[in-house]
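> Got a predicted structure here, sequence first:
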Amino acid sequence: MAFQGYNLTLDSATQLKDAGLVAADTAGQVSSAAAYVDLGAANAYARFAVVIDWTACEVASGDEVYDIQIQGSTASSFSTKYILASKKFGDSSVTLQPVDTTASGRAVIYCDNVACTSASDPNSLIATQYIRVYADVGGTIATGFNYTAWFVPLP
């Protein structure tokens, strides 16, 4: 028997995406404006969770994938961005999961804001100040993936 328990507070002040279908690559928005969380001081370490709730996941064509990325940056424009964590939703042939993503559900992604800035030096680390969600969508998409996302700080 599997049991998942969450004790996380979802706060509208830290919402990273409001409800709406995504059918193409796009950054999270709330009320049609770019949404991100500013962690405050530059280079301050932070642990957090991102809660993803979805109400629709199209998998009719058999090749749909919705890669929800948690991105960090040192600039609010995300001119340089780092993928801190990601989770794939969609058809099992693309996500490599044993089954397709269900039509609705919740996923919690735990991560921190540390990114490696060099492919040749693994000790080149920074703590990003800004956090957002980004949907990297692939496959034959008719309707898409309808999700909301919240940033939840952890102690």
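Done, it's in.

> tell me, how many neighbours does residue 122 end up with?
Using other Cβ atoms under 10 Å, residue 122 has 8 neighbouring residues. Every residue, glycine included, has its C-beta placed from N, CA and C.

> Regarding it, what is its secondary structure?
Under the three-state scheme (DSSP: H, G, I helix; E, B strand; the rest coil), residue 122 adopts coil.

> who are the neighbours in contact with the nearest residue to it once chain neighbours are set aside?
By the measure of Cβ to Cβ, 6 or more residues apart in numbering, the closest residue to residue 122 outside its immediate chain neighbours is residue 116, 6.1 Å from it. Contacts for residue 116 were tallied using Cβ atoms under 8 Å, 6 or more residues apart in numbering; they are 82, 122, 124, 125.

> In this structure the first one contacts residue 69, no?
No: assessed by Cβ atoms under 8 Å, residue 82 is found out of contact with residue 69, at 9.7 Å.

> and the two? which has more neighbours close in?
The residue with more neighbours, out of residue 82 and residue 69, is residue 69; 22 against 18, by other Cβ under 10 Å.

> Is it correct that that one falls within a strand?
Yes: assessed by three-state DSSP, residue 69 belongs to a strand.

> What's opposite it in the beta bridge?
residue 86, residue 134 (DSSP bridges).

> Residue 83: neighbouring residues, count only.
Other residues close to residue 83 by other Cβ under 10 Å number 14.

> now it: how far from residue 144?
Residue 83 is 21 Å from residue 144, where distance means Cβ to Cβ, to the nearest Å.

> Point out where this protein drops to low pLDDT.
1-6 (pLDDT under 70).

> Identify each buried residue in the helix or strand containing residue 53, please.
Per DSSP states H and E, residue 53 falls inside strand 47-57. Across strand 47-57, burial judged by 16 or more other Cβ atoms under 10 Å covers 48, 49, 50, 51, 52, 53, 54, 57.

> now do stretch 140-155
Residues 141, 144, 145, 146, 147, 148, 149, 150, 151, 152 are the ones in stretch 140-155 that count as buried (16+ other Cβ under 10 Å).

> Spit out the contact partners of the third one.
Listed by Cβ under 8 Å, 6+ apart, the contact set of residue 145 reads 21-23, 54, 56-58, 64, 66, 89-90, 135, 137.

> What subset of these is buried?
22, 23, 54, 57, 58, 64, 66, 89, 90, 135, 137.

> This completes my enquiry, with thanks.
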